[in-house]
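Chemist: quick one: sequence plus predicted model below, questions after.
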Amino acid sequence: MSTLMYERLWQALLDTIVMVGVSAVFALAIGIPLAVFLVLSAPDGLIHAPRLNRVLAALINGFRATPFIVLLVALLPLTKLLTGTTIGVWAAIVPLSISATPFFARIAEVSLREVDAGLIEAAQAIGCRRWHIVRHVLLPEALPGIVGGFTITIVSMIGASAMAGAIGAGGLGDMAIRYGYQRYDTTVMAMVIVVLIALVCLVQFAGDYAVSRLRAR
């Protein structure tokens, strides 16, 4: 590949990192509270809100069941409203965040439900309030599982960001389509695939290392 193409590859990688990174922050900031509420408002939870639990669970399931490419197109009006455009890196962050948040919320919910009920009962016995139970029991005990689930979420977001390139979102997917597929340049396509694999492996390694450190505490 030419020097110009390497520069474009580097810029595409940076665009993908920005897309995934910003979307991951939104998914983390919204997904954990959603997961905590789903656990607390469950029939055997600490908050009695069954109707709200069912409504929220249905909404999360609805977004999870919608294919990303369909969600990408369906959210174009909202994306236009929030970012002023429907193409580019920042436009892709909206559907990426909305798609990843319910996915991560469900994974975090599973980790929170696996916390030993005896620990929660012991905290209640000594008079801990709900917030203290969440803060000092649920989240610390579920943290390795949450970090592992967040790693899986980021990996899936990398794949989704590449798919978003099909509608001009930028990043590695956009480069693969424009300079690889449309121009029949197999070298560019191969390089993009290699970079995507390397990026996924790096994220997975970092996530696995963090989980192993948390479990060793």
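Modeler: Structure's in. What do you need? Numbering: from 1, shown residues only.
Chemist: could you use CA atoms for every contact and neighbour count after this?
Modeler: Noted.
Chemist: other SSEs contacting the helix or strand harbouring residue 35?
Modeler: Using DSSP states H and E, residue 35 maps to helix 3-40. Contact here means 3 or more Cα pairs under 8 Å, 6 or more residues apart in numbering; DSSP states H and E; on that basis helix 3-40 packs against helix 50-65, helix 89-113, helix 139-164, helix 171-175.
Chemist: which of the ones you listed sits closest to residue 205?
Modeler: Closest to residue 205 of these, according to Cα to Cα: helix 139-164, at 9.2 Å.
Chemist: measure residue 174 to residue 83 for me?
Modeler: 19 Å (Cα to Cα, to the nearest Å).
Chemist: tell me which of the two has more neighbours.
Modeler: For residue 174 versus residue 83, neighbours defined as other Cα atoms under 10 Å are more numerous around residue 174 (24 against 15).
Chemist: which among the helices and strands packed on helix 3-40 is found nearest to residue 215?
Modeler: Closest among those, using Cα to Cα: helix 139-164, at 6.4 Å.
Chemist: and the closest one, how far from the chain's centre?
Modeler: 5 Å (Cα atoms, centre = their mean, to the nearest Å).
Chemist: which helices and strands sit right next to that helix?
Modeler: Looks like helix 139-164 contacts helix 3-40, helix 68-74, helix 89-113, helix 171-175, helix 186-215 (3+ Cα pairs under 8 Å, 6+ apart).
Chemist: who wins for proximity to residue 209 among the helices and strands packed on helix 3-40?
Modeler: Closest among those, once you apply Cα to Cα, is helix 139-164, at 9.7 Å.
Chemist: output the below-cut-off pLDDT ranges for the chain.
Modeler: Scanning the chain with the threshold set as pLDDT under 70 gives 1-2.
Chemist: excluding residues flanking it in the chain, which one is nearest residue 144?
Modeler: What sits nearest to residue 144 in space, not counting adjacent residues and going by Cα to Cα, 6 or more residues apart in numbering, is residue 211, at 5.0 Å.
Chemist: I misspoke; the intended subject was residue 123.
Modeler: That would be residue 133: by Cα to Cα, 6+ apart, it lies 6.5 Å from residue 123.
Chemist: ranking the helices and strands packed on helix 3-40 by burial, who's on top?
Modeler: Among the helices and strands packed on helix 3-40, ranked by average contacts under mean count of other Cα atoms under 10 Å, first place goes to helix 171-175 (a mean of 28).
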